[in-house]
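Asker: any chance you can model this:
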Amino acid sequence: MGNGDIRVRGLAARAGGWSARHRWAAVGIWVLFVVLAMGLGSAAGRVDVDESQALKGETKTAAQIIDDAGIDEPAGETVLVQAKDGGLKATDTEFRAAVTAVMDAVRATGEVSDVTSPYDADTVSEDGRSALVQFDMRGEAETAGERVEPVLDAVAKVQKDNPSLTIEQIGSASMMKTFDDAFGDDFQKAEYSAVPVALGILLIAFGALVAALLPVLLAITAIMATMGLMGIVSHVMPMGDVANSVMLLVGLAVGVDYCLFYLRREREERAAGRDPQTALRIAAATSGRAIVVSGVTVCVAMAGMLFTGIADFEAMGLASLMVVAVAMVGSVTVLPALLSLLGHRVEKGRIPFLHPESKLRRKRRGGVNPESRFWTAVLGGVLKRPVMSVVVAAGVLLAVAAPALGMKTQNLTLDQEFGDSLPIVQTYNRVNDAFPGGSEPAEVVVKAEDINSPEVQGALADFKKEAVASGASRGPVEIKVHDEQNLAFVYVPLVGGSDLDKAGASLVKLRDEVRPATLGKVDGVEAPVTGQVAGSHDFNEQLTGAVAPVFAFVVVFAFLLMLLSFRSLTIAVTSIVLNLLSVGAAYGILVAVFQHGWGASLVGAEGVGAIVTWLPLFLFVILFGLSMDYHVFVVSRIREARLKGRDTKDAIQHGVVTTAGVVTSAAVIMVAVFAIFGTLSMQSMKQMGVGLAAAVLIDATIIRGVLLPAVMALLGERNWYLPKSLRWLPDMTHDEAPEVVAHERKDEAEPVGV
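Answerer: Residues are numbered from 1 along each chain as shown. Model (predicted):
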């Protein structure tokens, strides 16, 4: 076959070739797609996840009953009145006067309803030093934080008039306002600062403004398009702010990475002396294919979150999957079109002293390969002593992962999440000390055909009595009846308070012992137990049940994709094992830092005794997907070198050192972006940021720089082993060597703009 008859195979290569030939059409289609997605998404609006959809089990049942009844539960608020020196008692005149002053002050604002005296509701502590004034905010609970400030000011004035007492307000509205004031801009600052950080790193990596702007431009347009698509899709699967934040994080990471892989390969080929057109075609055939394989693998990993059955996780998974798919498509279509249009102008805006391209050319003229000296030195030692390298690297990773065996997960309480950084946390602790469980009571939603029938009323009275007698609660148990809807809300402070382990045990006793013995004996009565502790318990139960299917789905499908993409059973197996090691090490670091507190101060955190419930599964899915970026890119380069005639050891060294620059740049960007989230005030966000940053750093250094080449060196030709029984599998390798691409007919593409 003559050179003129050679055709490049593979979706990425064909897409890149078409885009380079029809560059204005490709750019126009991309811009039209982004604008249409945003416009349609804006017109459709976004449907957010609501509480009744968030979980299964009793929490969802209770929320559904309340929704069906048309009851909008108000935001409840509490004012703690407590003697400072222990001298005053709730029965003293001065104490009673302060309680009355609080009730009058909050009523006078016109923003509250159902103000309840502690002497009527029996919300006086056992030692008689503390009392709770309870009331509801008027209007919708979701916006109560915007209206609570006059009430807080009124309570603060009463506190000023009564210096011998501690008078503090806490509740869903006041906490909402406090968090918005303290941390409302945290996420926006993190999201906004991520872009300039990525751009700064890219400027250092490329040494030219135009080349650095391209990856950021691609990532931002992919994110914009996905935001529009999320609005459309939310009418089928509700989305939310959490899904939006995760989408931004993942979109920036993969969008920049994919463009970086493509652009660096194109520049490398031009530095090797190829004309821009040929360099672009080689990049499309090689890095473009790696991007498609990586993108599909990441999408599969993100799809694993759809198996949790938890609405927020499903939203995060779908949003992440969409942004990865959009970024992948953009990387293999509009990016080659832009590079074709720009030609050598991609080097415009060069930064002084940062001219990697000119350095590469000078090295080439001197006969020196453009390979990283550092990684060349490291690889030399690794390939010389592969057994020792595997033992040491794997040993280090297993040692780092060891603390994960004792991982404890739970939804973080207020004091764990924010420490002592907010005054309201101290109020929360004081309320829990005086009234264990009072700040977060269990809520029993009782539904009956006739809520005022003697049988139901008797069962409610028995439940109230047994809740205390069983030891599940110390009281007081409060009952609110909604006659018209035939509903009753029973509020039960759980023994254990902010200790979720003890409070969880009280919840189980309430559900499994007290309820069946009282309300459960009345036919036709439903009584699901909800509340903060119940929600945490149900979330843990559901998430625990989802771990196995999610892990199995992600691992099995990632294995199959690697097997089909490289037609090697060995590569598929080692890919999974190495990624699991990386995830395990990240888990170990999380447990060591945030559960045990080892070195927590170094990252501005503290040991809170637990990892937030949702993080382990979230990290597994995200890290398993993102780590495939590096793995596919490095192994593709090794395989390409092997197919060109190099022996396995030489191919390993060539593949690792020639990808070292792009992998390092991509890893630095990811680590920097994730580390920004580690600077937020919330411990859960610190855990996410540190976990992601540590895992990416480990993956790009120990895994890809040491363990992968050492394992491949030990396996030798067995790296490319495919059993005869599997040779029927479709060939998705699309082997395109640069030499083949370079000889393809020049008349198939338009001249490249310079």
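
Asker: in the stretch 351-500 of the chain, where is pLDDT below threshold?
Answerer: Where the stretch 351-500 of the chain drops to pLDDT under 70, the residues are 352-372, 419-421, 437-439, 497-500.

Asker: cool, and the stretch 51-200 of the chain?
Answerer: 51-55, 86, 182-191.

Asker: ranges for the strands of it?
Answerer: Counting by DSSP state E, counting those that start in this stretch, the stretch 51-200 of the chain has strands at residues 76-83, 112-116, 130-137, 165-171.

Asker: for the chain, same thing?
Answerer: Under the criterion DSSP state E, the chain carries strands at the ranges 76-83, 112-116, 130-137, 165-171, 409-410, 442-447, 478-482, 487-492, 529-530, 611-612.

Asker: now tabulate the strands of the stretch 51-200 of the chain in JSON lines and tack on mean neighbour count.
Answerer: C-beta coordinates here come from the backbone N, C-alpha and C atoms, glycine included. Output for these, formatted as JSON lines (neighbours: other C-beta atoms under 10 Å):
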{"stretch": "strand 76-83", "mean neighbour count": "24"}
{"stretch": "strand 112-116", "mean neighbour count": "16"}
{"stretch": "strand 130-137", "mean neighbour count": "24"}
{"stretch": "strand 165-171", "mean neighbour count": "22"}
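
Asker: so which of the strands of the chain is nearest Glu347?
Answerer: Closest to Glu347 of the strands of the chain, according to C-beta to C-beta: strand 611-612, at 45.4 Å.

Asker: quickly note the distance from the most centrally placed residue in the chain to Arg274.
Answerer: The chain has Val246 as the residue nearest its centroid, 5.0 Å off, counting by C-alpha atoms, centre = their mean. Note on Val246: its distance to Arg274, by C-beta to C-beta, to the nearest Å, is 39 Å.

Asker: again with Ala404
Answerer: Counting by C-beta to C-beta - Ala404 and Arg274 are separated by 47 Å.

Asker: rewinding a little: so the residue nearest to the centre of the chain sits against Ala319, correct?
Answerer: Yes: using C-beta atoms under 8 Å, Val246 is in contact with Ala319, at 6.4 Å.

Asker: where does the stretch 551-700 of the chain dip in pLDDT?
Answerer: The model of the stretch 551-700 of the chain has pLDDT under 70 over residues 604-606.

Asker: tell me where it has helices.
Answerer: Assigned by DSSP state H, counting those that start in this stretch, the helices in the stretch 551-700 of the chain fall at 569-590, 615-643, 648-677, 683-698.

Asker: from the contact counts, what lies against the longest one?
Answerer: Using 3 or more C-beta pairs under 8 Å, 6 or more residues apart in numbering; DSSP states H and E as the contact test, the elements touching helix 648-677 are helix 186-206, helix 241-271, helix 373-384, helix 615-643, helix 683-698, helix 708-715.

Asker: tell me the residue in the chain that is farthest from the middle.
Answerer: For the chain, the largest distance from the centre (C-alpha atoms, centre = their mean) belongs to Thr93, which lies 53.1 Å off.

Asker: can I get stretch 283-298 in PDB? Just the C-alpha atoms.
Answerer: The C-alpha coordinates for stretch 283-298 follow below in PDB (Å, rounded to 0.1, in the frame of the first residue of the first chain):
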ATOM      1  CA  ALA A 283      -1.900  15.200  18.000                       C
ATOM      2  CA  ALA A 284      -5.400  14.300  16.800                       C
ATOM      3  CA  ALA A 285      -4.400  10.700  16.200                       C
ATOM      4  CA  THR A 286      -2.500  10.200  19.500                       C
ATOM      5  CA  SER A 287      -3.500  12.600  22.300                       C
ATOM      6  CA  GLY A 288      -7.000  12.900  20.800                       C
ATOM      7  CA  ARG A 289      -7.500   9.200  21.100                       C
ATOM      8  CA  ALA A 290      -6.100   9.200  24.700                       C
ATOM      9  CA  ILE A 291      -8.600  12.000  25.500                       C
ATOM     10  CA  VAL A 292     -11.500   9.900  24.200                       C
ATOM     11  CA  VAL A 293     -10.500   6.800  26.100                       C
ATOM     12  CA  SER A 294      -9.900   8.800  29.300                       C
ATOM     13  CA  GLY A 295     -13.100  10.800  28.900                       C
ATOM     14  CA  VAL A 296     -15.300   7.700  28.400                       C
ATOM     15  CA  THR A 297     -13.600   6.100  31.400                       C
ATOM     16  CA  VAL A 298     -14.200   9.200  33.600                       C
END
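
Asker: separation between the nearest residue to Gly524 once chain neighbours are set aside and Asp462?
Answerer: Distances taken as C-beta to C-beta, 6 or more residues apart in numbering put Glu449 closest to Gly524, at 5.3 Å, once the chain neighbours are dropped. Separation of Glu449 from Asp462 (C-beta to C-beta) stands at 19 Å.

Asker: the two: which has the busier surroundings?
Answerer: Ranked by neighbour count (other C-beta atoms under 10 Å), Glu449 and Asp462 place Asp462 first, with 17 against 11.

Asker: from Arg515, how far out is that one?
Answerer: Asp462 is 10 Å from Arg515, where distance means C-beta to C-beta.

Asker: swap in Ser536?
Answerer: 19 Å.

Asker: need the helices for the stretch 51-200 of the chain, in chain order.
Answerer: Using DSSP H, counting those that start in this stretch, helices in the stretch 51-200 of the chain cover 51-54, 57-69, 93-108, 118-121, 149-161, 172-183, 186-206.

Asker: who are the packing partners of the fifth one?
Answerer: Of the remaining helices and strands, those touching helix 149-161 by 3+ C-beta pairs under 8 Å, 6+ apart are helix 93-108, strand 165-171, helix 172-183.

Asker: likewise the longest one?
Answerer: Packed against helix 186-206, as judged by 3+ C-beta pairs under 8 Å, 6+ apart, are the following elements: helix 209-233, helix 241-271, helix 648-677.
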